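Engineer: have a look at this fold, sequence not included:
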């Protein structure tokens, strides 16, 4: 019995928010907060004997003025300090995070409780420990002092309930006997009413006969839904007479509420039968009206539509048009064919945002920059242009900004950049997909004369966002087509022209709509398919592909956290080191963006999810059911009608038996073995280039596609034939012409290149040439393969292999000039992805190298050339040209770890004249394709381009001659012949 429980002087306190546990009542709670979990572990779980804890009610701040409370300063200093930010049980055990410094108002009286059941669990994948505790209230106590013990509280308490001897003496009081009879009579009436609805109140009757009346008062009241104030009042009722009086009042009130509810139910059931009759009559009336063509409901709908149109804020001219259409609708019957079309048109007019706009707060450029940096890694120039755009909008909100068009390969963040602009402007975002659109009506809408006509995508998008100034993304604008139904790109001319879109006329709408408030942003993979007039209306911002270092940063900062969240994992269960991400980038993905990288990371996450799911359930319940041992105890403690869920077990639990079941899974770290098991063998090999260039006639070129830069191999072979040229690989007209030019140049320079003897006039006599571009399923075109074709043909005829570490790009002319090409950054990045460290580029593309990250250039050797002869000298290991043509300095932009070869350095001085009497010149070491300048004949002189007077007498060269930009430009004079080298300003002139 509860009266025989010996109450200790100090109890650990478990606070209950807005909830009271009364003596004799049993309650089931779930403890999740750190303080309550710590209390249960130390006071209940780790103790073999049955322990007691104190349950103390806690009141919300707004209701703290009612009732007796513990003051914040009561007790020790630790108690005063601990009254803020505590975790409180109640309302699903969540900590009040709104105000962590909120003062907790403790009630000064509570109930000692013992644990009937304990269950421990672990939530996965978070790993948080939780407890489910079933508590039984025993007796009341008052708090004398409250202090903190770690994360929970301990109180010095004083028992308030009467002892057994005091109870026996109090039961002889006539007033108490009268109150007891009155309470039992009221309780019996309640049970009689409940018996009509519930069949499980038999044990409740037994409680009235076996349990003492003072315990019944608390048990009955605990089973009702009463207010927190009434629960506190019962808790504070220490006197038995007062407690029985309040309990009798509450039971009687509950009884009266049940009877009133029964009367209301009977009345409602009677009215329901009446309403059913009215429903049948109304259905008959509606059928009659439909036969007569008179429907009041349609009239009501039309009136509601008119009110909606009035509140839409249409301009006066459009409102007149809408009224005219509305009058036509009123004259039509719902059965007429044009009724639904006319009504749908008016509903569209009412739904369009004629005047409604998004409220724009003052732009914060710093916050916008932080948002862009957080959502997008790299893309410095692109983000700077967006900030400039926002700055202009801040200074002049009504300014007509340009239409930004983000051009770049897939997966580099074009769409998300448009979304970031909308976020920075606090405007709604709508995306219009134009990929595969070939019908002009998709932009301007269908005319209402067609069956099933509808507005265009622009008007429909404005209807969806319900504002007239959103950020509208025209996605994949380069993938629109044209056929007999019209050209969508031409229809977009009116949309993107700020002088015309103020009166945009949709064919379905048939009235002008103002699009000048809309901020248009377009995306495309390439600009070539976009018609020039449409391209002229947009400002093109190119988004290049990511470098491997940028991909690594993006993966670690954005992709991995997002993939783990999407698969219900955390870094605690799956770890992907940076080294493994690098291997995925190098061996499994070769792309400009990061989409394939994200797919591979998702594959690893799925494999980890399978391993975790194969383990035990997410929450491991560690409990032992001994319900049969405590059935009698349970029957004497619970009243019927309560919705309390409980399970009784003894306090002592054999934790040794269940310790093995409680185990969290080990962290899964990705290694190379897991990569090959999940992703398969590596798809790309760094030795691929060397293996494919191991045969003469094969060279490596660089091309640009809509997916970024790519490496393109060119293969050439010859066979017995009639001198024909065969080209395969889905080639366009431009690249076929480049092949013809390359073959013509090689045939013209065959003697200089020692490809044929002087007696051989026709290099292709009795030979056919076949040039193939691998990846035949991919269409190829463009002029940038000219130098690659020449190199491949020279390699074929000379039977010399091209260097495997060298790739090239550039257009060539019939005279051997190398012309600039586009996409330099993407091409250099592609070479870097394939492990190629030497790249030959046209000299006029020097300006484009500024866009290549310095980290990429630091590991590469970039050779800038102006003529095809320079390409051949760099593409082969051995010299292809005779000595007079070899002595030409090529512009060498970067040579890693050999910078001294690039600069002109002054070595030891020699007293011996090098050119003419009395001329003390310096011995210079200069890179001339491997030829040391000190070994040149004495008649050869070195001349500074900006110091022409040094040509005749090259005395000690000034310090400025050491070019700081690592670009070698020099002039060498040769006797007896004159050849001008446009690649390096090397002049060879005769004396």
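Structural biologist: Right, received. Where do you want to start? Because the structure is a prediction, the values reported are computed rather than measured.

Engineer: what residues are up against residue 516?
Structural biologist: 400, 498, 501, 502 (C-beta atoms under 8 Å, 6 or more residues apart in numbering). (C-beta placed from N, C-alpha, C; glycine too.)

Engineer: count the neighbours of the third one for me.
Structural biologist: Residue crowding around residue 501 was assessed by other C-beta atoms under 10 Å; the count is 21.

Engineer: which residue is the nearest non-sequential neighbour of it?
Structural biologist: Distance criterion C-beta to C-beta, 6 or more residues apart in numbering; nearest residue to residue 501, sequence neighbours excluded, is residue 515 at 4.0 Å.

Engineer: in this structure the one you found contacts residue 492, no?
Structural biologist: No. Checked against C-beta atoms under 8 Å, the pair residue 515 and residue 492 is beyond contact range at 11.3 Å.

Engineer: who's more crowded, these two?
Structural biologist: Comparing residue 515 with residue 492 by other C-beta under 10 Å, the one with more neighbours is residue 492, at 28 against 23.

Engineer: is the more buried one in contact with residue 443, as I believe?
Structural biologist: Yes. In this structure residue 492 lies within contact range of residue 443 using C-beta under 8 Å: 6.2 Å.

Engineer: circling back to that earlier point, buried among the contacts of residue 516? Need that as a selection in ChimeraX.
Structural biologist: The buried residues among these can be selected in ChimeraX (16 or more other C-beta atoms under 10 Å) with this line:
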select :501
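
Engineer: and the contacts of residue 516 as CSV, adding distance to residue 174, secondary structure and pLDDT?
Structural biologist: Shown next, in CSV, are the contacts of residue 516 (distance: C-beta to C-beta, whole Å; DSSP: H, G, I helix; E, B strand; the rest coil; pLDDT from 0 to 100):
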residue, distance to residue 174, secondary structure, pLDDT
400, 95, coil, 77
498, 97, coil, 84
501, 94, helix, 85
502, 94, helix, 87
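
Engineer: and of the contacts of residue 516, the nearest to residue 383?
Structural biologist: Distance to residue 383, by C-beta to C-beta, is smallest for residue 400 among those, at 22.3 Å.

Engineer: ok, now which ones touch that closest one?
Structural biologist: By C-beta under 8 Å, 6+ apart, the neighbours of residue 400 are 498, 516.

Engineer: and if we set it to 6 Å?
Structural biologist: Applying C-beta atoms under 6 Å, 6 or more residues apart in numbering to residue 400 gives the contacts residue 498.

Engineer: roughly how far does it sit from residue 468?
Structural biologist: 15 Å (C-beta to C-beta, to the nearest Å).

Engineer: for residue 16, same thing?
Structural biologist: For residue 16 relative to residue 468 (C-beta to C-beta), the value is 53 Å.

Engineer: give the buried residues for the one helix or strand residue 554 maps to.
Structural biologist: Element membership for residue 554, per DSSP states H and E: helix 548-554. Residues 548, 550, 551, 552, 553, 554 are the ones in helix 548-554 that count as buried (16+ other C-beta under 10 Å).

Engineer: equivalent analysis for stretch 772-789, please.
Structural biologist: 772, 773, 780, 782, 784, 785, 786, 787, 788, 789.

Engineer: and for stretch 181-190?
Structural biologist: 183, 184, 186, 187, 190.

Engineer: and those, which is closest to residue 23?
Structural biologist: residue 183 (16.0 Å).

Engineer: which other helices and strands contact whichever helix or strand that closest one is part of?
Structural biologist: In this assignment (DSSP H and E), residue 183 forms part of helix 174-195. Counting contacts by 3 or more C-beta pairs under 6 Å, 6 or more residues apart in numbering; DSSP states H and E, helix 174-195 packs against helix 240-292.

Engineer: again, only using 10 Å
Structural biologist: Counting contacts by 3 or more C-beta pairs under 10 Å, 6 or more residues apart in numbering; DSSP states H and E, helix 174-195 is packed against helix 202-210, helix 213-222, helix 240-292.

Engineer: give the residue spans of the stretch 801-950 of the chain that score low on pLDDT.
Structural biologist: 878-950 (pLDDT under 70).

Engineer: ranges for the strands of it?
Structural biologist: Listed in chain order, the strands of the stretch 801-950 of the chain (DSSP state E, counting those that start in this stretch) span 806-808, 811-812, 818-819, 838-842, 861-865, 891-892, 905-909, 922-925, 927-928, 931-932, 941-943.

Engineer: next: the stretch 1-150 of the chain.
Structural biologist: Counting by DSSP E, counting those that start in this stretch, the strands of the stretch 1-150 of the chain are 10-17, 26-31, 52-59, 69-70, 105-107, 109-123, 128-149.

Engineer: let me know which of these is the nearest to residue 857.
Structural biologist: Using C-beta to C-beta, those put strand 128-149 closest to residue 857, at 49.4 Å.

Engineer: who does the closest one pair up with?
Structural biologist: Here strand 128-149 has these sheet partners by DSSP bridges: strand 26-31 (antiparallel), strand 109-123 (antiparallel), strand 152-159 (antiparallel).

Engineer: tell me the domain boundaries of the chain?
Structural biologist: 2-161, 167-262, 296-351, 365-542, 688-881, 903-988 (automatic domain parsing).

Engineer: for the chain, where's the lowest mean pLDDT among helices and strands?
Structural biologist: Ranking every helix and strand in the chain by mean pLDDT, DSSP states H and E puts strand 979-981 at the bottom, with a mean of 28.

Engineer: on that earlier part again, which one of the helices and strands packed on helix 174-195 has the lowest average pLDDT?
Structural biologist: Looking at these, the lowest mean pLDDT belongs to helix 202-210 (a mean of 67).

Engineer: OK, contacts around residue 180?
Structural biologist: 171, 173, 212, 213, 214, 216, 217, 240, 241, 244, 248 (C-beta atoms under 10 Å, 6 or more residues apart in numbering).

Engineer: from memory the first one sits against residue 177, does it?
Structural biologist: Which is residue 171. Yes. Using C-beta atoms under 10 Å, residue 171 is in contact with residue 177, at 7.5 Å.

Engineer: mutual contacts of those two, please.
Structural biologist: The contact lists of residue 171 and residue 177 share residue 213, where a contact means C-beta under 10 Å, 6+ apart.

Engineer: tell me how far residue 235 lies from residue 514.
Structural biologist: Taking C-beta to C-beta, one finds residue 235 at 67 Å from residue 514.

Engineer: these two: which is more packed in?
Structural biologist: Per other C-beta under 10 Å, whichever of residue 235 and residue 514 has more neighbours is residue 235, with 24 against 15.

Engineer: what about the more buried one, which helix or strand?
Structural biologist: helix 228-236.

Engineer: next: residue 344.
Structural biologist: Element membership for residue 344 (DSSP H and E) is helix 339-351.

Engineer: tell me the buried residues in the helix or strand following that helix?
Structural biologist: The helix or strand immediately downstream of helix 339-351 is helix 365-375, counting by DSSP H and E. For helix 365-375, a neighbour-count test (16+ other C-beta under 10 Å) marks 368, 369, 372 as buried.

Engineer: can you check the pLDDT for the second one?
Structural biologist: Spelled out, that is residue 369. At residue 369, pLDDT is 87.

Engineer: my guess is it meets residue 380, correct?
Structural biologist: No. Using C-beta under 10 Å, residue 369 makes no contact with residue 380, being 11.1 Å away.

Engineer: would you map the helices across the stretch 351-500 of the chain?
Structural biologist: Using DSSP state H, counting those that start in this stretch, the helices of the stretch 351-500 of the chain run over 365-375, 380-395, 414-425, 441-444, 457-465, 488-496.

Engineer: which residues does the shortest one contact?
Structural biologist: For helix 441-444, contacts defined as C-beta under 10 Å, 6+ apart pick out 432-434, 436-437, 447, 450, 453-460, 474, 480, 485-492, 494-495, 504-509.
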